[in-house]
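Undergrad: Test case, fold it:
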Amino acid sequence: MTDHHAVRRETVSLNGFSGTLTTPADLAQAAPAVVLLHPFGAWDRAGFLPGEVSGNGPVRLFDDVAAACAARGAVVLGYDSRFVTESFQGGAGSPRLTFTGLVEDAVAAVKWLSERAEVDPARVSLLGISMGTEVALAAAEELGAPHRLILVAPVAESYAVRGRWMHLQRRQEWLVSAGFVDDEGNVDLAAAARDTVGRSGWWDDFDLHDRLGSRVPAERLWAHLTAEYDAATRRALHHGDESGPASFWQDWSSQPHAYERAARVPGPLSLHVGADDWTTPPRQAWLVHDCATAHGVESTLRSYPGLGHLMSKPHADGTRTYGPFEPEVLDALARDVTGAPGTPPRP
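TA: Coordinates of the predicted model:
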């Protein structure tokens, strides 16, 4: 874990919202800087995840990233997401609680940070995690100037496409690859329900065997899951849900693919992905990387064996965890931010 005593933290105000500025304890000249951008959900400026969510004890993801970068000489700005500061308004949301609003905050943060006396304005980066990578790419397209985009667990496709994979297609993939579909095309739902390790972290609420029986034809199950997913999507777009208001879902679903934006940003891009990420799997990172390089944008991609979505190892029994970032990841991100030499990227 990073030594947080080697840095200074202060609360700052910028363009209508507040943040935490983390600086090296011995900063003597204009330094490289980075803005931290949140994954989906109600992330505060510390990046706090309670133990029951991380599965690995309390995690303060952004505090750790900020401390690692500041310890190498960078200035770091983090702030509360609009999911924290804005009201869901009974599920309807507001014009402020949108994906576009998150991009507006990122643009404002880069501009504010670039004007600080302790910051080198030519070396201000954006570091996004999961959905934050989409925000970073959209903000960079608008700014046309960030020194580097650092994308952790990158998202490549629009929510409309990737959401369908996450909640429908990957479930089919898992049931087949885990051996729960027999040669006759029947799915052993009772066996799937017992495999709590295989489903950990992404399909925990499994009650299909209670609703459909212990064994069901795959074609019937695919139809059932499709109707269920489509109904949930319609509800979210019209009424919101417990994780986001309708204003956010509507705006997010209308965005272009992130990999298309990767072809239009100035770069360079640094992509980091866990090889065992089941939320934004390596295929997403490769899509961003390949599209960027095909259009002449400098991009590197590093995959970390054994790490999941938030760059942490699973428990000994195989169940997934969500943070904290492994030390080698923190070090790699800090090197990206500061431009320090390090281990060459691994494909």
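
Undergrad: longest helix anywhere in this structure?
TA: For the chain, the longest helix by residue count, based on DSSP state H, is helix 218-239.

Undergrad: so what does the helix or strand just after that helix touch, helix or strand wise?
TA: Once helix 218-239 ends, the next helix or strand along the chain (criterion: DSSP states H and E) is helix 246-253. For helix 246-253, the elements it packs on are helix 99-114, helix 159-164, helix 218-239, judged by 3 or more CB pairs under 8 Å, 6 or more residues apart in numbering; DSSP states H and E. C-betas here are computed from N, CA, C, even on glycine.

Undergrad: Indicate which one of those is closest to Val337.
TA: For Val337, the closest of the helices and strands packed on helix 246-253 is helix 99-114, at 12.2 Å, according to CB to CB.

Undergrad: and the angle for that closest one with helix 246-253?
TA: Relative orientation of helix 99-114 versus helix 246-253 (axes from the mean of the first three to the mean of the last three CA atoms, to 10 degrees): 80 degrees.

Undergrad: Show residues contacting helix 99-114.
TA: Helix 99-114 is contacted by residues 14-15, 17, 19, 33, 35, 37-38, 75, 77, 79, 81-82, 86, 95, 119, 121, 124, 126, 134-136, 138-139, 142-143, 146, 248, 251-252, 255 when judged by CB atoms under 8 Å, 6 or more residues apart in numbering.

Undergrad: List buried residues within those residues.
TA: Using 16 or more other CB atoms under 10 Å as the burial test, these include 14, 17, 19, 33, 35, 37-38, 75, 77, 79, 81-82, 86, 119, 124, 126, 134-136, 138-139, 143, 146, 248, 251-252, 255 as buried.

Undergrad: any weak-confidence spans in the stretch 51-200 of the chain?
TA: Along the stretch 51-200 of the chain, segments meeting pLDDT under 70 span 146.

Undergrad: Met166 versus Ala218, what's the distance?
TA: 20 Å (CB to CB, to the nearest Å).

Undergrad: and if you look at Asn186?
TA: Remark: distance between Asn186 and Met166 (CB to CB) = 25 Å.

Undergrad: likewise Val65?
TA: Counting by CB to CB, the gap from Val65 to Met166 is 24 Å.

Undergrad: who has more neighbours, those two?
TA: Val65 (28 against 17; other CB atoms under 10 Å).

Undergrad: So that one sits against Ala332, correct?
TA: No: the pair Val65 / Ala332 is not scored as a contact, 11.0 Å apart, by CB atoms under 8 Å.

Undergrad: Skipping its backbone neighbours, what lies nearest the most centrally placed residue in the chain in space?
TA: Among the residues of the chain, the one closest to the centroid is Ser130, at 1.3 Å (CA atoms, centre = their mean). Among residues not flanking Ser130 along the chain, Pro39 sits closest, at 3.7 Å (CB to CB, 6 or more residues apart in numbering).

Undergrad: what's the single longest strand in this protein?
TA: Longest strand of the chain, by residue count under DSSP state E: strand 119-129.

Undergrad: who touches stretch 45-63?
TA: Identification of contacts with stretch 45-63 by CB under 8 Å, 6+ apart yields 2, 4, 19-20, 36, 38, 43, 64-65, 78-80, 129, 200-201, 310, 312, 315, 319-325.

Undergrad: try it again with 7 Å
TA: Identification of contacts with stretch 45-63 by CB atoms under 7 Å, 6 or more residues apart in numbering yields 4, 19-20, 36, 78-80, 201, 310, 312, 319-325.

Undergrad: where do the strands sit along the stretch 1-150 of the chain?
TA: For the stretch 1-150 of the chain, strands defined by DSSP state E, counting those that start in this stretch occupy the ranges 7-14, 17-24, 31-37, 48-49, 59-60, 75-79, 119-129, 149-152.

Undergrad: For the residue nearest to the centre of the chain, grab phi and psi.
TA: Note on Ser130: backbone dihedrals following degrees, to the nearest 10 are phi 60, psi -120.

Undergrad: residues contacting it?
TA: Going by CB under 7 Å, 6+ apart, Ser130 touches Pro39, Phe40, Ala153, Val155, Thr279, Thr280, His309.

Undergrad: What residues does the third one make contact with?
TA: Ala153 sits next to Ile129, Ser130, Val273, Gly274, Asp277, Thr279, Thr280, His309 when contact means CB under 7 Å, 6+ apart.

Undergrad: Restricted to strands, list these.
TA: Counted as lying in strands by DSSP E, out of the contacts of Ala153, are Ile129, Val273, Gly274.

Undergrad: May I ask which of those has the most neighbours?
TA: Among the ones in strands among the contacts of Ala153, Ile129 has the most neighbours (other CB under 10 Å), with 32 neighbours.

Undergrad: what's in contact with stretch 175-188?
TA: The contact list for stretch 175-188 (CB under 7 Å, 6+ apart) reads Ala191, Ala192, Asp195, Gly198, Arg215, Val216, Pro217, Ala218, Glu219, Leu221.

Undergrad: Out of these, which is nearest to Ala160?
TA: Closest to Ala160 out of these is Leu221 (22.8 Å), distances taken as CB to CB.
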